[in-house]
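Visitor: Sequence and predicted model, in that order:
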2 protein chains.
Amino acid sequence: MDLKHTTGRDIRQLARTGELNGPTPGLARGFEQANLVVVPKELAFEFLLFCQRNPQPCPLLDVSDPGDPEPREAAPGADVRTDLPRYRIYRKGNLVEEPTDIRAYWRDDLVAFLLGCSFTFEDALLEAGLPVRHLEAGCNVPMYRTNVPCRAAGMFRGTMTVSMRPMTPVQAKQAAAISATFPRSHGAPIHQGDPATIGIGDITRPDFGDPVEIRTGEIPVFWACGVTPQGIIMDTRPEFCITHKPGHMFVTDWCRRQS
Amino acid sequence: MDLKHTTGRDIRQLARTGELNGPTPGLARGFEQANLVVVPKELAFEFLLFCQRNPQPCPLLDVSDPGDPEPREAAPGADVRTDLPRYRIYRKGNLVEEPTDIRAYWRDDLVAFLLGCSFTFEDALLEAGLPVRHLEAGCNVPMYRTNVPCRAAGMFRGTMTVSMRPMTPVQAKQAAAISATFPRSHGAPIHQGDPATIGIGDITRPDFGDPVEIRTGEIPVFWACGVTPQGIIMDTRPEFCITHKPGHMFVTDWCRRQS
């Protein structure tokens, strides 16, 4: 199967059967991809409020009822417990496991949040002839924790995580204009140029995902990232959360090519 | 003071001192107005989720931390307990009082939600030369409960409430195009023409606000309304909620004329 030109449903099916357990950039081109955050109901108000207050890193696409693993808007019939390639289990902020299925961890009080993902607009960048280095390299996108503050909501407080794509300044301007039309997928970049300005110490060592080459004449371009909650979970140490493994996304049924 | 051409801050100050206790359409032209819903923290997740799932009637502008009466985004320094002209206290879905100040009802566990309001785009309708009948008549906008279903979230389930402005079909088309550019204020109309189609039995008897004249050649045009939660509170009967009195809005510091 050509995974680049298939549907969200096909990608979810491959993840469900275990045939796909790697990252999803470039797959099911045109389909909206989503970050997953699962928290107990007692934290659900504060986390939903955190997303409402920080729509650039955490654009809300779908929120389940407590105990319901079906994302009824994003993909009716899907199951967030099985349909992502890989998950992360956090206990008191510590990453304790990276399973390919979370049915054994599911509880009646868990609420699943799907947040927009920048992989969604990469299809439009490619169409415009812009480079997407991690797709060229066949790896995951590099992601970095920053010193850019988020608005706090209850226990959820901390800084933004970003994804990075290297481009020339001219290309960066085009990419900014294109991604600005995708507010559900983080919108325009939050920064470009010197990584130190946003608190990134070593651009060659991302906090999540894989490093990519920045060529002569290129600058790093940074977008808000839906892995932001994971950085905050590591710092604020809630009892129990589940997320996707960075880059290993839920692929929805929403497709820009159909609209 | 010319209340049409003053600021949100001025309107709030007049409400705070009790000098203004009437409806707010046409006041502080250009400033975003907002509906208020206050619920105990135990209902806050479900109500926030209801808003997230129903962004056309319930566009979220600002949500307070539990116990905090200051809308820190919409109007830093303001106080939702005193700065609206009139409130409604609901106990088990019954309207028990319409005070001008809710400090006596305030509790540490209350969460305040500000939702967008269609009064916000009336300034743009007037600029385009379109009629706004309730402003011409100097009364409150007419509002109606409908049979249009909302997406449910926990205990919050029911149908949409709408506001109505009479216009000719040509004017209605212009008004739709203008209001569509105000997604934070309910956006484009949800219906125009026959009221029965959306379950309104008698257009001369609104459920909230005042009736207005529909002239020969005009049709009623209906917009989603932030009074929707009040209709749902009446039906689902939560223990305790506070809202604004319909049409008696919180006026924010956000102004389209400054942006």
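Guide: Cool, the structure landed.
Visitor: Quick one: distance of stretch A:2-16 to the chain centre.
Guide: Relative to the chain's own centre, stretch A:2-16 is displaced by 17 Å; criterion: CA atoms, centre = their mean, to the nearest Å.
Visitor: what residues does it touch?
Guide: With CB atoms under 8 Å, 6 or more residues apart in numbering or on different chains as the test, stretch A:2-16 has contacts from A:1, A:20-21, A:24, A:26-29, A:31-32, A:75, A:78-79, A:82-85, A:100, A:250-255. For the C-beta atoms, the positions are set from N, CA and C on the backbone; glycine is no exception.
Visitor: residue contacts, the residue nearest to A:Trp254 when sequence neighbours are not counted?
Guide: Leaving aside its sequence neighbours, A:Trp254 sits nearest to A:Glu32 (CB to CB, 6 or more residues apart in numbering or on different chains; 4.3 Å). Going by CB under 8 Å, 6+ apart, A:Glu32 touches A:8, A:61, A:74, A:116-117, A:120, A:184-185, A:251-252, A:254-256.
Visitor: among the residues you listed, which are in helices?
Guide: Among the contacts of A:Glu32, DSSP state H puts A:Gly8, A:Thr120 in helices.
Visitor: Among the contacts of A:Glu32, which one sits closest to chain B?
Guide: Among the contacts of A:Glu32, A:Leu61 lies closest to chain B (CB to the nearest CB), at 10.0 Å.
Visitor: Tell me how many other residues crowd that closest one.
Guide: 25 (other CB atoms under 10 Å in any protein chain shown).
Visitor: So it sits against A:Leu115, correct?
Guide: Yes - with contact defined as CB atoms under 8 Å, A:Leu61 reaches A:Leu115; the gap is 6.3 Å.
Visitor: still on that earlier bit, looks to me like the residue nearest to A:Trp254 is in a strand.
Guide: Yes - residue state for A:Glu32 (DSSP: H, G, I helix; E, B strand; the rest coil) corresponds to a strand.
Visitor: Can you tell me how far it is from A:Ala188?
Guide: Separation of A:Glu32 from A:Ala188 (CB to CB, to the nearest Å) stands at 17 Å.
Visitor: again, but for A:Glu19
Guide: A:Glu19 is 36 Å from A:Ala188, by CB to CB.
Visitor: neighbour count winner among those two?
Guide: Shown here are A:Glu19 and A:Ala188; by other CB under 10 Å, A:Ala188 has more neighbours (17 against 10).
Visitor: could you pull out the helices for the stretch 1-150 of chain A?
Guide: Shown for the stretch 1-150 of chain A, the helices assigned by DSSP state H, counting those that start in this stretch span residues A:8-17, A:41-53, A:119-127, A:133-137.
Visitor: what about the second one and chain B, touching?
Guide: Yes - counting by CB under 8 Å from any CB of the partner chain, contacts between helix A:41-53 and chain B involve A:Lys41, A:Ala44, A:Phe45, A:Leu48, A:Leu49, A:Gln52, A:Arg53.
Visitor: how much space between the closest residue to A:Gly18 other than its chain neighbours and A:Tyr87?
Guide: Closest residue to A:Gly18 apart from its sequence neighbours, by CB to CB, 6+ apart: A:Thr100 at 5.9 Å. Here A:Thr100 is placed at a distance of 7 Å from A:Tyr87 (CB to CB).
Visitor: Provide a list of residues in contact with the closest residue to chain B within the stretch 1-150 of chain A.
Guide: Nearest to chain B in the stretch 1-150 of chain A, going by CB to the nearest CB, is A:Phe45, at a distance of 3.8 Å. Residues in contact with A:Phe45 (CB under 8 Å, 6+ apart) are A:Gly154, B:Lys41, B:Ala44, B:Phe45, B:Leu48.
Visitor: Include pLDDT and distance to B:Leu125 when you put the residues you listed into JSON lines, please.
Guide: Listed next are those as JSON lines, based on pLDDT from 0 to 100; distance: CB to CB, whole Å:
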{"residue": "A:Gly154", "pLDDT": "96", "distance to B:Leu125": "39"}
{"residue": "B:Lys41", "pLDDT": "97", "distance to B:Leu125": "38"}
{"residue": "B:Ala44", "pLDDT": "97", "distance to B:Leu125": "34"}
{"residue": "B:Phe45", "pLDDT": "97", "distance to B:Leu125": "36"}
{"residue": "B:Leu48", "pLDDT": "97", "distance to B:Leu125": "30"}
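Visitor: now for these, which pair is the farthest apart?
Guide: Greatest spatial distance in the contacts of A:Phe45: A:Gly154 and B:Leu48, 12.2 Å, computed using CB to CB.
Visitor: And the two? Which one has more around it.
Guide: Ranked by neighbour count (other CB under 10 Å), A:Gly154 and B:Leu48 place B:Leu48 first, with 25 against 14.
Visitor: interface residues of chain A facing chain B?
Guide: Close to chain B, as judged by CB under 8 Å from any CB, chain A has residues A:41, A:44-45, A:48-49, A:52-53, A:60, A:63, A:65, A:111, A:153-154.
Visitor: switch to 10 Å and redo it
Guide: Residues of chain A lying close to chain B (CB under 10 Å from any CB of the partner chain) are A:41-49, A:51-53, A:55, A:60-66, A:72-73, A:111, A:113, A:151-154.
Visitor: Just the buried ones out of those residues, please.
Guide: Those of those that meet the buried threshold are A:41, A:43-49, A:51-53, A:55, A:60-64, A:66, A:73, A:111, A:113, A:152-153, by 16 or more other CB atoms under 10 Å in any protein chain shown.
Visitor: just so I have it, where are all the helices in the stretch 151-259 of chain A?
Guide: Along the stretch 151-259 of chain A, counting by DSSP H, counting those that start in this stretch, helices occupy A:169-179, A:228-236.
Visitor: What mean pLDDT does the first one get?
Guide: Right, helix A:169-179. For helix A:169-179, mean pLDDT is 98.
Visitor: Can you point out the buried residues in that helix?
Guide: A:Gln171, A:Ala172, A:Ala175, A:Ala176, A:Ile178, A:Ser179.
Visitor: go on, the last one?
Guide: By neighbour count with 16+ other CB under 10 Å, helix A:228-236 contains the buried residues A:Thr228, A:Pro229, A:Gln230, A:Gly231, A:Ile232, A:Ile233, A:Met234, A:Thr236.
Visitor: Against which helices or strands is it packed?
Guide: Counting contacts by 3 or more CB pairs under 10 Å, 6 or more residues apart in numbering or on different chains; DSSP states H and E, helix A:228-236 packs against strand A:31-40, helix A:41-53, strand A:87-91, strand A:94-97, strand A:110-116, strand A:143-149, strand A:159-167, strand A:240-244.
Visitor: can you do 7 Å?
Guide: strand A:159-167, strand A:240-244 (3 or more CB pairs under 7 Å, 6 or more residues apart in numbering or on different chains; DSSP states H and E).
Visitor: of all those strands, which gets the most neighbours per residue?
Guide: Mean neighbours per residue, mean count of other CB atoms under 10 Å in any protein chain shown, is largest over those for strand A:159-167, with a mean of 25.
Visitor: and that one, which strands flank it?
Guide: Using DSSP bridges, the strands paired with strand A:159-167 are strand A:143-149 (antiparallel), strand A:219-224 (antiparallel).
Visitor: and those as TSV, adding mean pLDDT and distance to B:Met160?
Guide: Compiled in TSV, the strands paired with strand A:159-167 are given as follows (pLDDT from 0 to 100; distance: least, CB to CB, whole Å):
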stretch	mean pLDDT	distance to B:Met160
strand A:143-149	98	37
strand A:219-224	98	32
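Visitor: Can you say which of these is packed in most?
Guide: Of all the strands paired with strand A:159-167, strand A:219-224 carries the top mean neighbour count, a mean of 24, counting by mean count of other CB under 10 Å.
Visitor: Output that strand as PDB - backbone C-alpha positions only.
Guide: Extracted in PDB, the C-alpha atoms of strand A:219-224 (Å, rounded to 0.1, in the frame of the first residue of the first chain):
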ATOM      1  CA  ILE A 219      17.300  29.200   8.900                       C
ATOM      2  CA  PRO A 220      15.300  27.200  11.400                       C
ATOM      3  CA  VAL A 221      11.600  28.000  11.300                       C
ATOM      4  CA  PHE A 222       9.600  27.100  14.400                       C
ATOM      5  CA  TRP A 223       5.900  26.200  14.700                       C
ATOM      6  CA  ALA A 224       3.900  25.800  17.900                       C
END
